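> A structural model of the following input is requested.
(chains A and B)
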Amino acid sequence: MIISVASGKGGTGKTTVATNLAFSLEKDVQILDCDVEEPNAHLFLHPDIKDRMSAFTPVPEIDKEKCTYCKKCSDICRFNAIAVLKDIILTFPELCHSCGGCMEVCPEKAISETGRELGVVERGMAGSVGFVHGRLRIGEAMSPPLIKKVRSFIVDNIVNIIDAPPGTSCPVITAMKKTDYVLMVTEPTPFGLHDLKLAVEAVKILGIPHGLVINRSDIGDNGVKDYAKKEDIPILMEIPFDRKIAEAYSNGKLVVQEMPEWKEEFLALYRKIEKLVGQRR
Amino acid sequence: MKIAVTSKGRDLGSAVDPRFGRAAYILVVDPSSMKFEVVDNSGNVNAFKGAGIQAASMVSDKGAEVLLTGFCGPNAYKTLQAAGVKVVNDVSGTVQEAVTAFQEGKLLFAKNANVEGHW
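The predicted structure is shown next:
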């Protein structure tokens, strides 16, 4: 089972839901924090990191002895990561998307792969919960390849909970696609609704079943609920605006640790997801 | 000698386009005769990334030795430098005025890119 927790708008409570859900389950579970630009699940799970590895993406290296400056490589590169000027060839590794097209078309076999560091992947345990996250290298602009490295640690036959980045662009799609269920955490405000709609449109294209968690559900307006009803999206959980929850969060603690009565709520949330995924299969 | 000038239009009376990589047109001017070639840069205007690199390669291919433009980013500058094209930034007015000012020695070559790269 792979559940991704997404939102559209940032700061709605993705990590709160992902971490508390993981900690409430009485089965094998791991959390994969795919918000590699600013991972934060570790602040609540305090994992013991046992394994740390650098992640690289392939970028071209040109053998200038073999290059005939034919421009086939620069012509095929839609990101302009290679420039050929008379008898000079330049590469811009930070623009490269690692498609390998330049190597394919080079008639002289003058291009080989070298690595650009994306960042690090760290793994460990938070109690009985498995933990994986990525930290993007400062200055690196492309997060999807690192998100894929984090996802490569998904384990079959256990519950994998992916904490996705906010937004609706490539990093979010990379975190959400090929998952069994997308749990969308939103807040009942016009801003929350606006970004939720964008995220729902993206999930629909991916064809993944999805449902809502409404955080701070007793403030704001009815816009999110009206939208959910109109679009026939199930509301699986509501979390009220509660000072105790905010205090737990601010202290880097889990809600289910500080307020054990919430454990049953998160277990109920999981059972609903399990049922919805089962119906689809 | 040929001078490349980023331009908003297709003739010498057009305003200099302050953008380099995503300029509407690049006019390649022979200052001795004021004859010029119009290069349509529309393919680069919508490039995902690296518009400046592509435009710089094109300027080099056209045989220009000097580029007059508004803003030139680091990747474009690096490419132009490798190609041996000298760059003048912060150019304004019409293409004709820019070329004349250059001829009269009123413009200075840049030593660096004058804007940050953008993603």
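> Can you give me the pLDDT of the residue nearest to A:Leu21 when sequence neighbours are not counted?
Spatial nearest neighbour of A:Leu21, chain neighbours left out: A:Phe266 (5.0 Å); criterion: CB to CB, 6 or more residues apart in numbering or on different chains. (C-beta placed from N, C-alpha, C; glycine too.) At A:Phe266, the model reports a pLDDT of 98.
> likewise B:Phe48?
Value for B:Phe48, per-residue pLDDT: 81.
> Now do the SS call for it.
Here B:Phe48 takes the coil state, with states given by DSSP: H, G, I helix; E, B strand; the rest coil.
> And the contacts of the host helix or strand of B:Val5?
Using DSSP states H and E, B:Val5 sits in strand B:3-7. Defining contact as CB atoms under 8 Å, 6 or more residues apart in numbering or on different chains, one finds that strand B:3-7 is touched by B:14-20, B:23-31, B:41, B:59, B:62, B:64-70, B:85, B:91, B:95, B:98-99, B:102.
> Residue ranges in chain B under the pLDDT threshold?
B:118-119 (pLDDT under 70).
> which non-adjacent residue is nearest the residue of it found nearest chain A?
Here chain B gets closest to chain A at one residue, B:Gly50, 2.6 Å apart by CB to the nearest CB. Closest residue to B:Gly50 apart from its sequence neighbours, by CB to CB, 6+ apart: A:Asn80 at 2.6 Å.
> Tell me, what's the model's pLDDT at that neighbour?
Looking at A:Asn80, its pLDDT is 93.
> so what's it up against?
A:Ser74, A:Phe92, A:Leu95, B:Ala47, B:Lys49, B:Gly50, B:Ala51, B:Ile53, B:Gln54.
> Now whichever residue of chain A sits closest to chain B. Its backbone dihedrals?
Closest contact between chain A and chain B, by CB to the nearest CB, is at A:Asn80 (2.6 Å). In terms of degrees, to the nearest 10, the main-chain angles of A:Asn80 are phi 50, psi 40.
> So what does A:Leu276 look like in phi/psi?
According to degrees, to the nearest 10, A:Leu276 has phi -60, psi -40.
> List, one by one, the residues from chain A near chain B.
A:74, A:78-81, A:83-86, A:88, A:90, A:92, A:95, A:141 (CB under 8 Å from any CB of the partner chain).
> Pipe those into TSV and attach distance to A:Val120 and secondary structure per row.
What follows is the residues of chain A next to chain B, written out as TSV (distance: CB to CB, whole Å; DSSP: H, G, I helix; E, B strand; the rest coil):
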residue	distance to A:Val120	secondary structure
A:Ser74	32	helix
A:Arg78	29	coil
A:Phe79	24	coil
A:Asn80	28	coil
A:Ala81	24	coil
A:Ala83	31	strand
A:Val84	34	strand
A:Leu85	36	strand
A:Lys86	40	coil
A:Ile88	35	strand
A:Leu90	29	strand
A:Phe92	23	coil
A:Leu95	22	helix
A:Ala141	17	coil
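> among those residues, which ones are buried?
A:Ser74, A:Phe79, A:Asn80, A:Ala81, A:Ala83, A:Val84, A:Leu85, A:Leu90, A:Phe92, A:Leu95 (16 or more other CB atoms under 10 Å in any protein chain shown).
> So what's the residue count around residue 106?
Unless you meant another one, I'm taking chain A. 21 (other CB atoms under 10 Å in any protein chain shown).
> Chain B is the one I meant
Using other CB under 10 Å: B:Lys106 sits among 10 other residues.
> likewise B:Gly84?
Using other CB under 10 Å, B:Gly84 is surrounded by 11 other residues.
> try A:Met184
Neighbour tally, A:Met184, other CB under 10 Å: 27.
> Where do the helices of the stretch 101-250 of chain A begin and end?
Using DSSP state H, counting those that start in this stretch, the helices assigned to the stretch 101-250 of chain A run over residues A:101-105, A:144-151, A:170-176, A:190-206, A:223-231, A:243-250.
> Serialize these to a markdown table and add fields for mean neighbour count and mean pLDDT.
Shown next, in a markdown table, are the helices of the stretch 101-250 of chain A (neighbours: other CB atoms under 10 Å in any protein chain shown; pLDDT from 0 to 100):
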| stretch | mean neighbour count | mean pLDDT |
| --- | --- | --- |
| helix A:101-105 | 17 | 96 |
| helix A:144-151 | 23 | 96 |
| helix A:170-176 | 22 | 96 |
| helix A:190-206 | 18 | 96 |
| helix A:223-231 | 15 | 97 |
| helix A:243-250 | 14 | 95 |
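> Now do the same for residue 59: helix, strand or coil?
Chain wasn't specified; assuming chain A. strand.
> that's the other chain; I wanted chain B
Classification of B:Val59 using three-state DSSP returns helix.
> residues touching A:Arg123, list them.
By CB under 8 Å, 6+ apart, A:Arg123 lies in contact with A:Ile49, A:Lys50, A:Asp51, A:Arg52, A:Gly130, A:Phe131, A:Val132, A:Phe153.
> which one of the buried ones among the residues of chain A next to chain B is nearest B:Leu108?
A:Leu85 (23.8 Å; CB to CB).
> That closest one reaches B:Ala83, doesn't it?
Yes. Under the criterion of CB atoms under 8 Å, A:Leu85 makes contact with B:Ala83 at 4.1 Å.
> residues of stretch A:216-224 that come out buried?
Under 16+ other CB under 10 Å, the buried positions of stretch A:216-224 are A:Arg216, A:Ser217, A:Gly220, A:Gly223, A:Val224.
> farthest-separated two in the residues you listed?
A:Arg216 and A:Gly223 (13.5 Å).
> Give me the common contacts of those two.
A:Pro188.
> for the residue of chain B closest to chain A, what are its contacts?
A:Phe79, A:Asn80, A:Ala81, A:Phe92, A:Leu95, B:Gly21, B:Asn75.
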